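Novice: Give me a model of this one.
(2 chains)
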Amino acid sequence: MNSNGGVEIANQSMNELSIKEQEADESVQVTCFSEFSDDVTLHFQIIRLHKQIYAWIGCNSAKFGHLYAAAPTRPSNNVSVTSLIGGDSDNTGLGIARRLVLKTGLNIVLACNIPKNSPMLEAKAEKKLMEKLISLGYTMQKI
Amino acid sequence: MAMETSDPLFPVRQTTLCLDIQGNKTDIIVSSYEDHFLVIVTQIGSMGTILHARKEEGVSIDPTFNVAVVFGKRDEPMLAACARKLIEHISNSGSSKALVLSLGLRDHSMGTLKGIVSAVIEKLF
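Specialist: Residues are numbered from 1 along each chain as shown, chains lettered A, B, ... in the order given. Reported below is the predicted structural model:
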């Protein structure tokens, strides 16, 4: 009699826990941070939605920059990327979006105002963003 | 329950809001950049259709607006109408910022879009 009651309580708790996990999983998470170095400040904003990630990279300013969307194309390991706003002659950020998806398997929308012809800055921003995505546990596959 | 979710030193202000619109749980995040507002409205866990709305710099007194879908459904006039309402509000409040609006919705009914417009204008702008 007691053991049956115990099993029921355990089942109920487990159901509650999995519902909570699901809710937490489905809620929106926003992370912001800045990296200061030399004469350049990089700002990062990451908004995690259940099935997609939006990120913004700001270089010294809070201008929105160009907008790109990138996603893995199943079943192959290819990545599709496109510029949505801006980014026609100046594709800074396009490469970042593509490589982020390649390494993480996530569906990403990226806004980036890094000036063109700054490969070192691009690489640094990409590295920082990547590290953060990993540390937040958002990535889906091993690099 | 709108929540300001940024550290005051971060250059982008954000506010998040979670509410029920016509029976669907809706997350709204508004971010304010130097030259743009980004409004993400999602019921489906992703950004869905993305629109870009701008005020045209013109000679005439009344401003004109340009609204374009940059990603997603291009045949849903209600989505563009929603973006237009919001950019008009932004302009009327004195700002020349452009708007990037993402709508990831379960339904595109008038009721839902009106609910979204009023929630965004009332609680966040």
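
Novice: shaky segments in the chain?
Specialist: Picked chain A for this. For chain A, the stretches flagged by pLDDT under 70 are A:1-4, A:17-26, A:141-143.

Novice: switch to chain B, that's the one I care about
Specialist: Residues of chain B meeting the criterion pLDDT under 70: B:1-2, B:4-6, B:59, B:125.

Novice: what does it put close to chain A?
Specialist: Counting by CB under 8 Å from any CB of the partner chain, the positions of chain B adjacent to chain A are B:5-7, B:9-12, B:14, B:16, B:18, B:27, B:29, B:31, B:33-36, B:38, B:40, B:42, B:44-47, B:50, B:52, B:70-71, B:98, B:100, B:102, B:104. Glycine gets a C-beta too; all of them are placed from N, C-alpha and C.

Novice: In the helix or strand hosting B:Val30, which of the residues would be classed as buried?
Specialist: Assigned by DSSP states H and E, B:Val30 belongs to strand B:24-32. Across strand B:24-32, burial judged by 16 or more other CB atoms under 10 Å in any protein chain shown covers B:Thr26, B:Asp27, B:Ile28, B:Ile29, B:Val30, B:Ser31, B:Ser32.

Novice: Strands of the chain, residue ranges please.
Specialist: Picked chain A for this. For chain A, strands defined by DSSP state E occupy the ranges A:29-37, A:40-48, A:53-59, A:66-73, A:78-85, A:108-112.

Novice: switch to chain B, that's the one I care about
Specialist: Under the criterion DSSP E, strands of chain B are mapped to B:2-4, B:13-21, B:24-32, B:36-42, B:49-56, B:64-71, B:98-104.

Novice: Nearest residue to the middle of chain A?
Specialist: In chain A, the centroid-proximal residue (CA atoms, centre = their mean) is A:Ile53; its distance is 4.3 Å.

Novice: That one and A:Thr31 touch, don't they?
Specialist: No. At 10.3 Å, A:Ile53 does not count as touching A:Thr31 under the criterion of CB atoms under 8 Å.

Novice: which residues are in contact with stretch B:101-116?
Specialist: A:49, A:109, B:21-22, B:24, B:26, B:28, B:38-53, B:76, B:78-79, B:81-83, B:86 (CB atoms under 8 Å, 6 or more residues apart in numbering or on different chains).

Novice: let me fix that: stretch B:84-95
Specialist: The contact list for stretch B:84-95, computed with CB under 8 Å, 6+ apart, reads B:37, B:39, B:53-55, B:63, B:65, B:67, B:97-99, B:101, B:117, B:120-121, B:125.

Novice: Check which residues of stretch B:89-109 are buried.
Specialist: By neighbour count with 16+ other CB under 10 Å, stretch B:89-109 contains the buried residues B:90-91, B:95, B:97-106.

Novice: Find the closest residue to chain B in chain A.
Specialist: Residue nearest to chain B within chain A (CB to the nearest CB): A:His50, separated by 3.0 Å.

Novice: Look up how far A:Tyr138 lies from that residue.
Specialist: Plainly put, A:His50 is 11 Å away from A:Tyr138 if you go by CB to CB, to the nearest Å.

Novice: what does B:Val100 give?
Specialist: From B:Val100 over to A:Tyr138 the distance is 22 Å, taken as CB to CB.

Novice: what's residue 99 in contact with, if anything?
Specialist: Just going to use chain A. Contact analysis of A:Arg99 by CB under 8 Å, 6+ apart lists A:Glu126.

Novice: Not quite, go with chain B.
Specialist: B:His36, B:Phe37, B:Leu38, B:Val39, B:Leu51, B:His52, B:Ala53, B:Arg54, B:Ala83, B:Leu86, B:Ile87, B:Ile90.
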